[in-house]
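In: Predicted model and sequence below, questions to follow.
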Amino acid sequence: MAATDTRGHLLAFLTIAIWGTTFVSTKVLLTEFQPVEILFYRFLIGFLALLSLRPRHLKLASWREEALCAAAGLTGVTLYFLLENIALVYTTASNVGVIVSVAPFFTAIVAFFAARDEKLRPSFFVGFVVAMAGIVLISAQGFDSVFGGGSIVGDVLAVGAAAVWAVYSVITRKIGSFRYDNIQMTKRTFLWGLLFMVPALFATGFEFGIERFADPLMVANMAFLGFGASALCFVTWNLAVKILGAVKTSAYIYLVPVITVAASVAVLGEPMTATIACGVVLTCAGLLISEWGKGERKAAADKE
């Protein structure tokens, strides 16, 4: 059991390590693509990659299972990333990275009321407060735009994305209990997500604009989002949720601002200040506090 949990934590960390850099990558693509265009191409690439791995059609046992896959596609693909991408148009990548980090709190609430199998322990809330204090420090230089003259629209959209992701995390926990092949189910979720995108494509004047892919920078960033952040990471994230549970896995989202800051320093040349360094330490400490004692309590429960 301990080895299985370790595998789940490694999968969650790998996923977040990649997802933490997507804000910078999406910002680059927004210079040439609309938010919905990035979303469409990203998940089309991801779907085709998974299709190449699992070309056969999987027949589900009931329409209820299909409905859950559709709900996962709507929440975790279409709504979350559409809200996130549009938010990045109106506000900074660092602000969006900070705001979506409240997703574990939403996930805990949704999981508690939906499944009743994820308890809201005091250590979780203490860890949440500590991590959020770190997040405030990490983004201290950009908070003038959040609380001052920045776009309220972008910030609200980012909060909405965090809430939608919480719903998706709980849905994937249920889908994981069906014991189907994880890649097959992720492929199915992507397909539903692409179908739900169609109205947004027509509403926003979507253009294929293939000539934009002549730029190697655009190709590299789109490939990173499609193959790495979508095809690979959705599989690893869903596996982590299946192993650890929705609340414990979503706690890793606390690390997104840390990784986003690191990516900004490396790619955009932003400075690493003492304030940001303190924020990194607090954010990591918050993650550890939120997980503190869970293993011991679980072992004690297994002995009873």
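Out: Here it is on my side, so go on. Numbers count the residues shown, from 1 in each chain.

In: Burial check on residue 127, number of neighbours?
Out: Applying other CB atoms under 10 Å, we find 22 residues neighbouring residue 127. Bear in mind the C-beta positions are built from the backbone N, C-alpha and C, glycine included.

In: ok, it touching residue 251?
Out: Yes: counting by CB atoms under 8 Å, residue 127 does reach residue 251; the two are 7.4 Å apart.

In: Give me the below-cutoff pLDDT ranges for the stretch 101-250 of the chain.
Out: Residue ranges of the stretch 101-250 of the chain with pLDDT under 70: 115-118, 139-152.

In: in the stretch 51-200 of the chain, which spans are helices?
Out: Using DSSP state H, counting those that start in this stretch, the helices assigned to the stretch 51-200 of the chain run over residues 63-72, 80-90, 93-99, 103-114, 122-138, 143-147, 152-176, 182-203.

In: can you list those helices in JSON lines and add distance to residue 41?
Out: Below are the helices of the stretch 51-200 of the chain laid out as JSON lines (distance: least, CB to CB, whole Å):
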{"stretch": "helix 63-72", "distance to residue 41": "20"}
{"stretch": "helix 80-90", "distance to residue 41": "11"}
{"stretch": "helix 93-99", "distance to residue 41": "19"}
{"stretch": "helix 103-114", "distance to residue 41": "24"}
{"stretch": "helix 122-138", "distance to residue 41": "30"}
{"stretch": "helix 143-147", "distance to residue 41": "29"}
{"stretch": "helix 152-176", "distance to residue 41": "19"}
{"stretch": "helix 182-203", "distance to residue 41": "11"}
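
In: CA atoms of stretch 213-226 as PDB?
Out: Below are the C-alpha coordinates for stretch 213-226, written out as PDB (Å, rounded to 0.1, in the frame of the first residue of the first chain):
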ATOM      1  CA  PHE A 213       2.300  26.700 -37.500                       C
ATOM      2  CA  ALA A 214       5.100  27.800 -39.700                       C
ATOM      3  CA  ASP A 215       6.600  29.500 -36.600                       C
ATOM      4  CA  PRO A 216       8.700  26.900 -34.800                       C
ATOM      5  CA  LEU A 217       7.900  28.600 -31.500                       C
ATOM      6  CA  MET A 218       4.200  28.200 -32.000                       C
ATOM      7  CA  VAL A 219       4.600  24.500 -33.000                       C
ATOM      8  CA  ALA A 220       6.800  23.800 -29.900                       C
ATOM      9  CA  ASN A 221       4.400  25.300 -27.500                       C
ATOM     10  CA  MET A 222       1.300  23.700 -29.000                       C
ATOM     11  CA  ALA A 223       3.000  20.300 -29.100                       C
ATOM     12  CA  PHE A 224       4.000  20.700 -25.400                       C
ATOM     13  CA  LEU A 225       0.400  21.500 -24.500                       C
ATOM     14  CA  GLY A 226      -1.100  18.800 -26.700                       C
END
